[in-house]
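Chemist: Provided below are the primary sequence and the corresponding predicted coordinates.
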Amino acid sequence: MVARQESARRRRLLQARIGAGVAGVVVVAAVAWIIIAANSGDTTNSANPSGPLTCTWTSVSADLPTTTPGATPSLPPGIKDVGLPPVEVPRTGFQIVTMETDQGTVKVEMDLSKTPCTAASMAHLASKGFYDGTSCHRLVPDINALQCGDPSGTGSGGAAYRFADENLPTNKLPAYHGGDVAMANTGQPGTNGSQFFFVYDNNTLQGDYSLWGKVIEGLDVIKKIGAGGDDGAYNAEGQAGGGHPKIPVKFTKVTVGPVSPTSQVKPTTPAPTSAAASPSTAPSTSSSPKA
C-alpha cells in the first residue's frame, strides 16, 4: 500500500512538471509570435518573400526651403536629377555592375536578397548614364576606402533622391573587408544617394553604411589607386578626412547586367585580422564616408 501511494505521488509530481514545461513552451511560442509579428512589416511582402519589394524614394527637394508657397525649390549645386527608380523592385537573384574606368575595369556583384532597393538605385542611375564621366573624388588611406559617385566631384553632390539603409553589418567587427562596396551617407540614417565607397582592405569603420556589393573583378585597380595615396585636401579642420587620389580614376561607362539566379562570388578563406582591422568603439568622424 505504501509503495502504491509513493508511486502515485511520483506520477502526480511528474505530470505537474510536464504541465509546467508545456506552459513554458506555450509562453515562449506566444512571445516568439509577437516578435515575428512586430517585425514582419508589410504582410504582403512577408507572404510572398520572392515577390517584388516596395522601395521608398524621397526627393532631396522635399527637405529644401522655398520662399514661394507651393513652388518646387531649386536643387542644390552638384545634385543631378535623372528621375526616380521604380517603386516595386525584385528582391531575389544577383546583378553585376560593370564599371569601365581609365585605370581598368571593375565588376561588382549585388545580392538583391540583401539590398534590393540599393541595387535598384544603382541600376537606375547606371541606365541614365549618371556615373559616366564621373571621378572618384576622395581617398581615405586611414580606412582603406575610395569614395566615388559624385557627379560634381566636390563630395557634396549626388542624386536627387534619398533612400533607406539596407544590410548594415552592425553585429561584427571589422564590419567591412577588402572588396566590399558600401553606400556613403551624410552621417545620418536613411540618407543614401549616389555616392559609394570601395574598401580595399579591412578597416575600423562601424557598420553604419549599407553594404551592397562585392568586387569580383578589378580589386587590383582599386588597390593600385589606394597605394598611390592622396593629396590631403580633406584633412583640414572640419573636413571629412583624406584627399583626392594622386592616381586619378574616372568612370568612362557604368552598366548593370540582368538579374541572374546564381552568384559569381568565389568563397574565400578569411584572412587573419590585421592591426588596421582591430575593433573600435566608434569610427573617426574625420574619416567616415560622407556624401
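Modeler: Good, I have the coordinates.
Chemist: Can you pull up the most central residue in the chain?
Modeler: Ser210 (1.5 Å; C-alpha atoms, centre = their mean).
Chemist: got a pLDDT number for that one?
Modeler: Predicted confidence (pLDDT) at Ser210: the value is 98.
Chemist: I figured it hits Arg162, correct?
Modeler: No. Between Ser210 and Arg162 there is no contact under C-beta atoms under 8 Å: 11.9 Å. (Glycine included, C-beta is placed from N, CA and C.)
Chemist: and for these two, which residues touch both?
Modeler: Asn192 (C-beta atoms under 8 Å, 6 or more residues apart in numbering).
Chemist: From Arg162, how far off is Gly207?
Modeler: Distance of Gly207 to Arg162, given as C-beta to C-beta, to the nearest Å: 19 Å.
Chemist: got it, and Pro169?
Modeler: 21 Å.
Chemist: And Ser113, by the same measure?
Modeler: 23 Å.
Chemist: Same question for Gly51.
Modeler: 25 Å.
Chemist: For Pro169 and Arg162, indicate the residue with more neighbours.
Modeler: Using other C-beta atoms under 10 Å as the criterion, Pro169 and Arg162 rank with Arg162 on top: 22 against 19.
Chemist: ok, which stretches of the stretch 101-250 of the chain are helices?
Modeler: 116-127, 219-227 (DSSP state H, counting those that start in this stretch).
Chemist: Just put those in CSV and tack on distance to Ala184 and mean neighbour count.
Modeler: Conversion of the helices of the stretch 101-250 of the chain to CSV gives the following (distance: least, C-beta to C-beta, whole Å; neighbours: other C-beta atoms under 10 Å):
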stretch, distance to Ala184, mean neighbour count
helix 116-127, 12, 24
helix 219-227, 15, 19
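Chemist: Between those helices, which one is closest to Gly155.
Modeler: Nearest to Gly155, of all the helices of the stretch 101-250 of the chain, is helix 219-227, at 16.6 Å by C-beta to C-beta.
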